[in-house]
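Colleague: Curious how this folds, go ahead:
(2 chains)
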Amino acid sequence: NAGVMQNPRHLVRRRGQEARLRCSPMKGHSHVYWYRQLPEEGLKFMVYLQKENIIDESGMPKERFSAEFPKEGPSILRIQQVVRGDSAAYFCASSQTGGDSPLHFGNGTRLTVT
Amino acid sequence: EDKVVQSPLSLVVHEGDTVTLNCSYEVTNFRSLLWYKQEKKAPTFLFMLTSSGIEKKSGRLSSILDKKELFSILNITATQTGDSAVYLCAPMTTDSWGKLQFGAGTQVVVTP
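Modeller: Numbers count the residues shown, from 1 in each chain, chains lettered A, B, ... in the order given. As a prediction, the model looks like this:
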């Protein structure tokens, strides 16, 4: 039973480029969450999605960041025109249901902006 | 404002010692308290506590929640070097599923 799969593991982008991070939830999980961990900081919630719906995006920066979880395929976190401050580890998590099941995290994508 | 405080921030113990980690929280609409272990990569789920006073155990790890005093404890007995990690707690609320507010974590180092 594969866990939450994220790719790529490492991503290097130059300032101004776009970054696309992918996440496939655990089998049977329909709730996906994205978190960001900046260097020397804790995990911070970004967005909560179900299939084709954004449920809570209160942690997403207002500009340049977007997320989707299409009917088919993985969830995508997209960062346009990356800046050095976007360098961080981005973790995806999934859960079976909403409020009464724990979140299981993937190994993360480490984004480095040069 | 919601608040999650973990203590101590870090500790170093010898193999075989017992450690007790603390997590206090102040959140509205509390539902559950989750514990995770984070080594170099993904936070690994340990426990989800919803009811007060009921201890959950998994091997050498155990945890308990006190909803009246708003804190939780994670115990690790007979520590091993593989227990070295950052331990994170996070409350879950009834109105923000999946929006976990993580504490800063406790860094545990177990020396041989």
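Colleague: contacting residues for residue A:35?
Modeller: By Cβ atoms under 8 Å, 6 or more residues apart in numbering or on different chains, residue A:35 lies in contact with A:43, A:44, A:45, A:46, A:90, A:91, A:92, A:93, A:105, B:100. Backbone N, C-alpha and C define where each C-beta goes, glycine included.
Colleague: and what of residue B:32?
Modeller: Here residue B:32 is in contact with A:100, B:48, B:49, B:50, B:91, B:92 (Cβ under 8 Å, 6+ apart).
Colleague: and if we set it to 6 Å?
Modeller: Applying Cβ atoms under 6 Å, 6 or more residues apart in numbering or on different chains, one finds that residue B:32 lies in contact with B:48, B:50, B:92.
Colleague: Is it correct that it falls within a helix?
Modeller: No: assigned with DSSP: H, G, I helix; E, B strand; the rest coil, residue B:32 falls outside any helix and is strand.
Colleague: so how far is residue B:97 from it?
Modeller: For residue B:32, the distance to residue B:97 (Cβ to Cβ, to the nearest Å) stands at 10 Å.
Colleague: try residue B:106
Modeller: Distance check for residue B:106 against residue B:97: by Cβ to Cβ, it reads 25 Å.
Colleague: How about residue B:51?
Modeller: 18 Å.
Colleague: With neighbour numbers in mind, choose between these two.
Modeller: Ranked by neighbour count (other Cβ atoms under 10 Å in any protein chain shown), residue B:51 and residue B:97 place residue B:97 first, with 21 against 10.
Colleague: Next one: the more buried one from residue B:59, what distance?
Modeller: For residue B:97, the distance to residue B:59 - Cβ to Cβ - is 28 Å.
Colleague: Give me the pLDDT value at residue A:109.
Modeller: Note for residue A:109: predicted pLDDT of 97.
Colleague: so where does residue A:26 fall, helix or strand?
Modeller: In the assignment (DSSP states H and E), residue A:26 maps to no helix and no strand.
Colleague: What is the burial count for it?
Modeller: 17.
Colleague: That one is in contact with residue A:92, isn't it?
Modeller: No: counting by Cβ atoms under 6 Å, residue A:26 stays clear of residue A:92, with 10.5 Å between them.
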